[in-house]
Structures are given as structure tokens and as C-alpha cells.
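K.L.:
my questions are about this predicted structure, shown below with the sequence.
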Amino acid sequence: MNKSILLFKIFLAVFTFTACGQNSKKTQKTKPTVKENQVASKTFKTGAEQTELYLPLLKGKRVGMVVNPTSVIGKTTTVDSLLKRGVKIVKIFGPEHGFRGNASAGIHVSNETDAKTGIKVVSLYGKQSTPSKENLADIDVMIFDIQDVGVRFYTYINTLQRVMEACAANGKEVMILDRPNPNGFVIDGPILDPEFKSGVGIQPIPAAHGLTVGEYAHMLNGEGWLKDKLKCKITVIKNANYNHDMPYELPVSPSPNLNTPQSILLYPSTCLFEGVYVNHGRGTKFPFTILGAPYYKGIYEFSFTPIGIKGMAETPIFKDEVCYGIDLRNYDTSIFRKTRQINIQWMIELYKASPKKETFFDSKLSNQMLPIEKLVGVGDFRQQIIAGKSEAEIRASWEPGLSKYKEMRKKYLLYP
């Protein structure tokens, strides 16, 4: 090859490489496009994470907080985060499971002083369920920051109501740091009949209500559901860039027995088994995702053995007995997103398969069980299952109440 031609090719290669490198560096320094800026500005945030919106409102005020382990900003508790930011927290109120979440479901919790912060903790799941006038005397504003899962029989919305009633009666404001509803896409189940009001259901809403806590607070005020028709002054710090169809995996388990994303999505359906003589995973590491009883031996192959687990279930139904039944740990929960309905087929199936139908709905057999009527919220569900009614027939009995609720719900929506 001619020497001059070879030198020219070498020069051309070096020039091309250098030019490409310079262009690459320029590309790296290029500012984000408008589209990229729009994506960045639409980052999802919980109400609690948006401290810039509510810290000014707390300046100079004495603050009470209704919180539990789900009350976090990043990986730090909301209490600790706000204390570091100079908020004057004078009292903490702990619901079911306690402020630190170390009490089992249904176990009463005592008042205490929080060892970490030295702040007095008043239990709302023990001798009292409502803040007293004395509890509120040294508080200017009450913050409610608890993760809900969108189901009527999940007790924290009842705690919210009692807090709002107490604050309304004593001229105190409630600030709600809103959080997503992981089951926000489901609005289903019968409307609670007032005859079956209880600690697991107070207001005439369906089993899966499709609201965030902030939206539910507006509904309590707007529908006149607070005691004596009181109106509570509320401020809701909304989730940023959230909608009800958005998949949301909780950063912290909402309670000891809702310890996986699967259990949370199955909960609206499988919690109904707390009202029948079937173990629904309590006493295992997989609550609300497995169903069974000893008497299904020979009918189902899948088996598990409930044991006492401190902090989760010390005395589960069928403790230390081998149970046979249904394993839902790998159930495709995307089905719920398509149907937007709770599953009652499992209840129908297990009743039909039971060789002990006469005791299937006997809530007296275990002190952990509630009558099915209080969980479902109506009086005819038990008889519908016993009579062999189809799913379509059972669902038809939920109307027109469910459709009326869906229409009423629209007035209180803060999100699409």
C-alpha cells in the first residue's frame, strides 16, 4: 500500500474517533428535554413525604399524632422525622397493634411512655377507643398518619372516625397525611346493614370501599356520619401524582398478619374466613393467603400446621393441627384488577367441600372468630351460601345499594 495513503487513513480514523468523543461529551451535558422534565415532576409522593406543604401549618403548634409502624417518611418514622424538623409533638395515640406494632390482632394495648422519644403514648385499643377531653387538652392539632388497605373491616378507619369525633367536640383540628389505598381499584361487597354495626364495621359502606383515608374523612363529614352530626375541621395533605388504579406496594407491612403484597390484595376476600370455622393462615407466616381445616383431609392435598406465633397469632384456630385446603400464595392477583371484585367463590367452594357443614358458620367454636354477618355486613350471606346460591345471585342481592354508594363516593374523590 502507498505510504501516503496509509497515513491519510490513520489520520481520518483518529479524527473520526475524536469527533465522536466530543459529540458524546456534548450529549452528556445536554439538558433534559421537556418530556423528561415532565416525568421527573410527576414523581409519586405520599402526603407525609411532602413536608414542605404542612410544616408551615404546624409552626408554633402543639401536635398530637395518631400513628403506627406504617407512619414513615422514607425509612424513618413520621414521629422521628417531624421531631428532627422541630415539630412540637406532645402526645402519641396508638391504635390496634400499638404505636410500635408489637401487639397481636385483637389484643388490648396499655398506655405507656415511648422509650425512644420519651413521649406519652395513649392507647386507643384498650380501656379507651376515643381520645378524651383530657387527652386533647394540651393539643392544638392532631395528625392522623396510618396506612389503610381499603376494606371496611380493617379497623383503622374506625379509629379515624373516633379521633375526628373527639377533635370536633373539643375544637381541635385534624390533619391527615394521606396514603394510597393498595386496593383502591376495588369497590365491591354488600353495604353494611346498621343491624350489624360493630368494631369491624360502623358506616354503610361496602366491604371494599375504594377510598383513601383522606377521602373517607371527607365522606364522614359530608354524610353527617360523625356522632351528633358534628363536623370536624380537617386538612388533607394529598398524595402527589396518585390515582386509584395505580399499583402500590407498601413500604411497611400495614399490620403483622398482612406481611406480603399478596396478602394485602387477597385480604378483601380472605378476611371473610375469620367468620367461619376455617383457618385462613393465622399461626403461619402466610396469613390470608392459605385456607384450610383438619376436616378437609382426603379432599385437598395442600396442608399446613398453624402454631402460636408471638406478635401474629398466639392461639390460632386449629393450633398444632394439620390443616388441608387451598394455597393462594401464587394466585394471579391481576384477576382482581380485571374483575374489580372480591372473590366469594372460595367461600362457596369450601362450604360445598366441607363434611362438617353444620359447624362451618359456628363462630362459638373459636374465640377469635366473628359472626360472618358482622364481617360481611348483612344478614343473608350465610343462608345464601347454605342454600347453594350462585355468585351471580349473591351479587345481585348487593344491589341497588352498591351502585348508590359508587355514585355517592364520587363527591368525595380527591384522585381520579
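P.N.:
Yep, it's here. Numbers count the residues shown, from 1 in each chain.

K.L.:
now V63: which helix or strand?
P.N.:
strand 62-67 (DSSP states H and E).

K.L.:
what residues does that strand touch?
P.N.:
71, 77-79, 82, 87-95, 99, 124, 131, 135-136, 138-146, 159-160, 163 (CB atoms under 8 Å, 6 or more residues apart in numbering). Backbone N, C-alpha and C define where each C-beta goes, glycine included.

K.L.:
from those, which ones fall inside helices?
P.N.:
T78, V79, L82, N135, L136, T159, L160, V163 (DSSP state H).

K.L.:
what's the spacing between N183 and P206?
P.N.:
12 Å (CB to CB, to the nearest Å).

K.L.:
how about the strands in this structure?
P.N.:
62-67, 72-73, 76-77, 88-94, 112-113, 120-123, 141-145, 173-177, 234-237, 290-293, 303-304, 323-327 (DSSP state E).

K.L.:
I'd like to know which of those strands lies nearest to G379.
P.N.:
strand 290-293 (23.8 Å; CB to CB).

K.L.:
what sits up against the closest one?
P.N.:
Residues contacting strand 290-293 (CB under 8 Å, 6+ apart): 270, 273, 277-281, 284, 300, 302-304, 318, 323-329, 346, 350, 354.

K.L.:
before we move on, the earlier item: tabulate the strands of the chain (TSV), appending distance to Q383 and mean pLDDT.
P.N.:
Below are those laid out as TSV (distance: least, CB to CB, whole Å; pLDDT from 0 to 100):
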stretch	distance to Q383	mean pLDDT
strand 62-67	39	98
strand 72-73	44	96
strand 76-77	46	94
strand 88-94	39	96
strand 112-113	45	86
strand 120-123	38	92
strand 141-145	38	98
strand 173-177	39	98
strand 234-237	40	98
strand 290-293	21	98
strand 303-304	30	98
strand 323-327	23	98
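
K.L.:
including distance to K310 and mean neighbour count, could these go into CSV?
P.N.:
Compiled in CSV, the strands of the chain are given as follows (distance: least, CB to CB, whole Å; neighbours: other CB atoms under 10 Å):
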stretch, distance to K310, mean neighbour count
strand 62-67, 23, 23
strand 72-73, 23, 21
strand 76-77, 22, 18
strand 88-94, 18, 21
strand 112-113, 18, 12
strand 120-123, 19, 20
strand 141-145, 27, 25
strand 173-177, 30, 23
strand 234-237, 35, 19
strand 290-293, 20, 26
strand 303-304, 19, 18
strand 323-327, 20, 21
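
K.L.:
my read is that F318 contacts G308, right?
P.N.:
No - using CB atoms under 8 Å, F318 is not in contact with G308, being 11.8 Å away.

K.L.:
ok, for S269, nearest residue in space, not its chain neighbours?
P.N.:
N343 (4.1 Å; CB to CB, 6 or more residues apart in numbering).

K.L.:
mind checking how far that neighbour is from Y154?
P.N.:
For N343, the distance to Y154 - CB to CB - is 17 Å.

K.L.:
try L272
P.N.:
13 Å.
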